[in-house]
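*Asks:* quick one, structure for this:
(2 chains)
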2 protein chains.
Amino acid sequence: MPELILDISMSLDGFVAGPGADLDNPLGHGGPALHEWVIPTRAWREPHGLEGGEEGPDSELVEALIGQAAATIMGRRMFSGGSGPWEDDPNADGWWGNDPPFDHPVFVLTNHAREPEVKSGTTFNFVTDGIASALAQARAAAGDKDIRLAGGADVAQQYVKAGLLDAMQLHLVPLLLGDGVRLFAGHTGPVGGLELTRVIESPTGVVHLGYRAAR
Amino acid sequence: MPELILDISMSLDGFVAGPGADLDNPLGHGGPALHEWVIPTRAWREPHGLEGGEEGPDSELVEALIGQAAATIMGRRMFSGGSGPWEDDPNADGWWGNDPPFDHPVFVLTNHAREPEVKSGTTFNFVTDGIASALAQARAAAGDKDIRLAGGADVAQQYVKAGLLDAMQLHLVPLLLGDGVRLFAGHTGPVGGLELTRVIESPTGVVHLGYRAAR
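*Replies:* Alright, predicted model coming up:
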């Protein structure tokens, strides 16, 4: 059965985006630094149409995560590129261009019904009836492989609180952002334990932490 | 020169104590689970006068951390045992008994001047003129060894914000507490990067993360 895996970069103080996100800086003040580790990797560059890139533990991990997923779930802002004026336009194009890096079905959580959009090997499906429905559709699409929950933070929080995540792959970045959007926020009490499944230390200082929900 | 090292257990969602701390539960709801990894270790039990205990990476790490420190800084609540009615009594005894596990000078941050208290090999010194003064006194006492910042969270936060920490040894516990006292809170913007110095994975699911302040 396909598993729902949250795959996200987080600062040591728990933020997945910096404060003050706007059109010029959709990841917020300091937020882009959370993703600096992934951009030089060969495994990230390749599906983004970029040549070259570094091999190593970061690239190997990215390759494995990409390889094991056959469907992706994301929020509306991750589809359309951060917050900004286009948020008011439910039919605005995504920022993923004509050859998105997914090459599998993507399920975008939104409040606005919209026809699916096919871009090269990727189909964006717009889901208006909630996170459980998006998960059911993604499971049907994923076959034997897994489902990647790509974010953003609010969507990740919803799945965490609903107990729907099977696993998390956190990329713990050695930064203190001080403010911004927390991955874990708004719980009202203990939500239980996690099983540590994997620790990968990277020369970039990022620690890749794999967890599985204790059921 | 002795280094100031914060040594603290933190949940994956960033809490170093649970919510609702009181006399019966000074670590807050769910908080004791943060320390479950350390109590069975031989290296922790020995200075606490307890026999037996487990060997392994957790115990080795605890032994090394104890061995490298020649002075400890802690807050008033950690000295007196959590929050509670005794907080109003500036001369209340600590909860460390007649043979505290430190066997070196301990500097307790407090608002109430008080004579030093000698308990077996440990001297508790009460510092009323702030965190920089406590650090200077601890440095003078530590000689060539390091200084352990034991917590609690508010004291740790003060040292983080003042940029006085040289290093951190975080014990990342695979729990989501949901609420409580955050280690990193109240910053108003990026406070910069950290250098990852060490990652130790424990069979208990705890990941021991060593960081050094990037200067």
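*Asks:* and chain A, which of its residues are near chain B?
*Replies:* Chain A comes close to chain B at residues A:12-14, A:18-19, A:29-30, A:160, A:170, A:172, A:174-179, A:182-184, A:187-196, A:199, A:201, A:205-207, A:209, A:211, as judged by CB under 8 Å from any CB of the partner chain. C-beta coordinates here come from the backbone N, C-alpha and C atoms, glycine included.
*Asks:* so which of those sit within strands?
*Replies:* A:170, A:172, A:175-176, A:182, A:192-196, A:199, A:201, A:207, A:209, A:211 (DSSP state E).
*Asks:* before we move on, back to that, quick one: buried ones out of the residues of chain A next to chain B?
*Replies:* Among these, those scoring as buried are A:12-14, A:18-19, A:29-30, A:160, A:170, A:172, A:174-179, A:182-184, A:190-191, A:193-194, A:196, A:199, A:201, A:205-207, A:209, A:211 (criterion: 16 or more other CB atoms under 10 Å in any protein chain shown).
*Asks:* distance check, the spatially most central residue of chain A against residue A:16.
*Replies:* Closest to where the C-alpha atoms of chain A average out (CA atoms, centre = their mean) is residue A:150, at 1.7 Å. Per CB to CB, to the nearest Å, residue A:150 is found 11 Å from residue A:16.
*Asks:* find residues that contact each of those two.
*Replies:* Taking CB atoms under 8 Å, 6 or more residues apart in numbering or on different chains as the criterion, residue A:150 and residue A:16 both touch residue A:8.
*Asks:* state the mean pLDDT of stretch A:149-167.
*Replies:* For stretch A:149-167, mean pLDDT is 86.
*Asks:* what sits up against it?
*Replies:* Contacts of stretch A:149-167 (CB under 8 Å, 6+ apart): A:3-8, A:16-17, A:72-75, A:77-78, A:109, A:131-132, A:135, A:181-187, A:191, A:197, A:210-213, B:176.
*Asks:* hmm, try it at 6 Å
*Replies:* Contact partners of stretch A:149-167, identified using CB atoms under 6 Å, 6 or more residues apart in numbering or on different chains, comprise A:3-6, A:8, A:16, A:72-75, A:77-78, A:109, A:131, A:135, A:181, A:183, A:212-213.
*Asks:* rewinding a little: strand partners (parallel or antiparallel) of the helix or strand where the residue nearest to the centre of chain A lies?
*Replies:* Here residue A:150 sits within strand A:146-151, counting by DSSP states H and E. The strands that strand A:146-151 pairs with in its sheet are strand A:4-11 (parallel), strand A:69-75 (parallel) (by DSSP bridges).
*Asks:* possible to save those strands as JSON lines with mean neighbour count?
*Replies:* Listed next are the strands paired with strand A:146-151 as JSON lines, based on neighbours: other CB atoms under 10 Å in any protein chain shown:
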{"stretch": "strand A:4-11", "mean neighbour count": "23"}
{"stretch": "strand A:69-75", "mean neighbour count": "23"}
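*Asks:* contacts only, for the closest residue to residue A:21 other than its chain neighbours.
*Replies:* The shortest distance from residue A:21 to any non-neighbouring residue, by CB to CB, 6 or more residues apart in numbering or on different chains, is to residue A:28 (4.1 Å). By CB under 6 Å, 6+ apart, the residues touching residue A:28 are A:17-21, A:180.
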